[in-house]
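# Next comes the sequence, and after it the predicted model I'd like to discuss.
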Amino acid sequence: MRKDLLALVVGWTLVILSFPLFIAFLSPFVLNEPVMAIRAFAFPLLLSVISGILLIKYGHSENAGDRLRDREAFAAVALGWPVVVFIGALPFWLGGMFHGPIEFYLGESTFQEVMGGSIRAWFESMSGFTTTGATVIDGNTSPKCQPVVPDCINSQSRSLLLWRSMTQWLGGMGIIMLGMLILSRYLGGGMSIARAELTGPALSRLRPRLQETAKVLWSIYTFMTVCEMLLLRFLGNLSWFDSINHALTTMPSGGYSTYDAGIMHFESPTIEWIIIFFMVATGINFTLYHFLWLKEWFNVVTNHELRVYFAVLIGAWLVMMANLIIAADLSSADSFRLAAFQAASIGTSTGYATADFASWPILSKVILLLLMIVGACAGSTSGGLKILRLRIAFVLARREISRIASPRKVHLVRMEGEVVTDDKLWVIVGMLSWWAVIAMSGLLLLSFIEYNLDFESIIGIVVSSLGNTGPTIGAFGPTQTWSSLHWTSMIITSIMMWLGRLELLTVIVLLSPRVWKK
């Protein structure tokens, strides 16, 4: 392991993080709360810049120009995320969203409350950067909501809410991916970085111009964010602040809102259908947008994963609609809209809600739980196992049955017209196996710690954390926060969010001693 290259990559990532932090630093002056610039953002901004520069200086050794290898790329992605999350949590802790040092200095909070506030700020930041969208902001955790206020999230500082939304937008396409792709221009190893943080069937075809592709993907991501913002502002009649925040959290499949009730607060079918459109768009492999950019229509219309993705969403929508009409006694019109929104939201791991689906009939809840596990397309901003991997796993299982029946026949696994090598098949098998191991471990740990919760709530937390969904079934539905979890459970679930966002193997590979050998 070249620790100088690792430091160089993480250092540049922190320097790049300082740019959105600088925007957040300026936002209080626009939002009429200038004190927040110094209180919440000055120290994190300086820490990001100074630590980034120091790491870059440390990383500039005699051989700093050596090519970035897989092990450094994977380590930089896996270890860079907690560093970014830590700095991203500081504004929440220092700015008064949770009990922090300023409240302790003023005698308004105890030391125990301040320590609890630091863990909640970490959780909120991890949930943001991993685009999970689970929140712990409520009257029990935030000094801003004591005494009780009608809407705890909306009572927070505007600049902190904007930063909270920005964490999801940055995490959606991967701020570390962006930083390292820029750096890879000097170090090489761009494909190693892409494999570490992005997945998709078309990475091999993007190899010749990976940096140009990254710029195009970020341009598309930004363009779609602006389009949604304008539609919410002028067609949905939202304020500029709400339009910006919800566009920033829809495109990364995040789900943070500026209100306790989320999208339910607006009670607007127009807003819901706008968000449905963009949620579905975020579940599509972004390399397909690149092909559209290049006018390579054939690669898009023949993509089998895309067709399966739409089939899954439509199937879930229709079954839940029928279930709501029959079992919940809702009207056809309401069932049509509510089922469509939740299928799109949970199927893309966004986590918005227009109804308390935790109280829906059991069939609908089972479908939503399965959607959390499956996720959307590989290479999208959504979480979950991804349709492509599950398709390959299904084809692999079918191949093994065929090999038993016809042992002398050559059985190949093909996907999107290409043969999937055994190396790639074993990576998928390994990831699915580790997903099962981590899910079972999470179930056991949380069942031991949260012994007052029922099984539905525990399994919902585990699946939601690994799938980066947010609101789930049971006691942690869309009308509830996760603040009632014990602090150890918050750490465990935040680790599962981290593992889920980096798709397990990127982090787990660091447990191998061989990775750290020189």
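Right, received. Where do you want to start?
# residue ranges of the helices in the stretch 51-200 of the chain, please?
Under the criterion DSSP state H, counting those that start in this stretch, the stretch 51-200 of the chain contains helices at 70-94, 101-105, 111-129, 158-173, 175-187, 190-197.
# Output those helices as a markdown table; include the columns mean pLDDT.
Below are the helices of the stretch 51-200 of the chain laid out as a markdown table (pLDDT from 0 to 100):
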| stretch | mean pLDDT |
| --- | --- |
| helix 70-94 | 90 |
| helix 101-105 | 95 |
| helix 111-129 | 97 |
| helix 158-173 | 95 |
| helix 175-187 | 51 |
| helix 190-197 | 51 |
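# The nearest residue to residue 515 once chain neighbours are set aside and residue 426, how far apart?
Spatially, and ignoring its direct neighbours in sequence, residue 515 is nearest to residue 71 (5.1 Å; Cβ to Cβ, 6 or more residues apart in numbering). Heads up, the C-betas are built off the backbone N, CA and C, glycines and all. Per Cβ to Cβ, to the nearest Å, residue 71 is found 19 Å from residue 426.
# neighbour-wise, which of those two wins?
Shown here are residue 71 and residue 426; by other Cβ atoms under 10 Å, residue 71 has more neighbours (21 against 11).
# doesn't residue 378 make contact with residue 287?
No. Between residue 287 and residue 378 there is no contact under Cβ atoms under 8 Å: 9.2 Å.
# Now the residue of the chain most remote from its centre: phi and psi?
In the chain, counting by Cα atoms, centre = their mean, residue 408 sits farthest out from the average C-alpha position, at 44.5 Å. Main-chain torsions, residue 408, degrees, to the nearest 10: phi -90, psi -10.
# How about the contacts made by residue 367?
Applying Cβ atoms under 8 Å, 6 or more residues apart in numbering, we find residue 367 in contact with 316, 319, 320.
# residues of stretch 435-446 that come out buried?
Within stretch 435-446, the residues that qualify as buried are 435, 438, 439, 442, 443, 445, 446, counting by 16 or more other Cβ atoms under 10 Å.
# low-scoring pLDDT stretches of the protein, where are they?
Low-confidence segments of the chain (pLDDT under 70): 61-68, 175-211, 213, 410, 416, 518.
# Can you tell me the centre-most residue of it?
Centroid-nearest residue in the chain, with Cα atoms, centre = their mean: residue 131, separated by 2.5 Å.
# Is it correct that that one is in contact with residue 349?
Yes. Residue 131 is within contact range of residue 349, at 7.3 Å (criterion: Cβ under 8 Å).
# follow-up on the earlier one: most neighbours among the contacts of residue 367, which one?
residue 320 (27 neighbours).
# does that one belong to a helix or a strand, and which?
helix 304-327 (DSSP states H and E).
# cool, and residue 426?
Applying DSSP H and E as the criterion places residue 426 in helix 422-449.
# Check which helices and strands that helix sits against.
Using 3 or more Cβ pairs under 8 Å, 6 or more residues apart in numbering; DSSP states H and E as the contact test, the elements touching helix 422-449 are helix 387-405, helix 455-466, helix 487-501, helix 505-508.
# Mean neighbour count, those: which tops it?
Using mean count of other Cβ atoms under 10 Å, the stretch among those with the largest mean neighbour count is helix 455-466, at a mean of 23.
# That one versus helix 422-449: what angle between them?
Inter-element angle recorded for helix 455-466 and helix 422-449: 140 degrees (by axes from the mean of the first three to the mean of the last three Cα atoms, to 10 degrees).
# and residue 50, how many residues sit next to it?
Residue 50 has 13 neighbours, counted by other Cβ under 10 Å.
# residues contacting it?
Counting by Cβ under 8 Å, 6+ apart, residue 50 has no contacts.
# what's the neighbour count on residue 304?
The number of residues packed near residue 304 is 14, by other Cβ under 10 Å.
# and if you look at residue 212?
Using other Cβ under 10 Å as the criterion, residue 212 is surrounded by 11 other residues.
# Against residue 290, how distant is it?
Counting by Cβ to Cβ, the gap from residue 212 to residue 290 is 10 Å.
# ditto for residue 257
Going from residue 257 to residue 290 by Cβ to Cβ gives 30 Å.
# tell me which element residue 9 falls in.
helix 3-30.
# What is that helix packed up against?
Under the contact rule (3+ Cβ pairs under 8 Å, 6+ apart), helix 3-30 is packed against helix 43-59, helix 70-94, helix 158-173, helix 175-187.
# Now do that helix against helix 158-173: the angle between them, please.
On the basis of the same axes, to 10 degrees, helix 3-30 is oriented at 140 degrees to helix 158-173.
# Tabulate the CA atom coordinates of stretch 239-256 in CSV.
Extracted C-alpha coordinates of stretch 239-256, given in CSV (Å, rounded to 0.1, in the frame of the first residue of the first chain):
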residue,chain,number,x,y,z
SER,A,239,-40.5,28.6,-2.8
TRP,A,240,-37.0,28.9,-4.2
PHE,A,241,-35.6,27.5,-1.0
ASP,A,242,-37.8,24.4,-1.0
SER,A,243,-37.3,23.9,-4.8
ILE,A,244,-33.5,24.0,-4.4
ASN,A,245,-33.5,21.7,-1.4
HIS,A,246,-35.8,19.1,-2.9
ALA,A,247,-34.1,19.1,-6.2
LEU,A,248,-30.7,18.5,-4.4
THR,A,249,-32.2,15.5,-2.5
THR,A,250,-34.2,13.9,-5.3
MET,A,251,-31.5,13.6,-7.9
PRO,A,252,-29.1,11.6,-5.6
SER,A,253,-32.0,9.4,-4.5
GLY,A,254,-31.6,11.0,-1.1
GLY,A,255,-34.9,11.9,0.4
TYR,A,256,-34.1,14.6,2.9
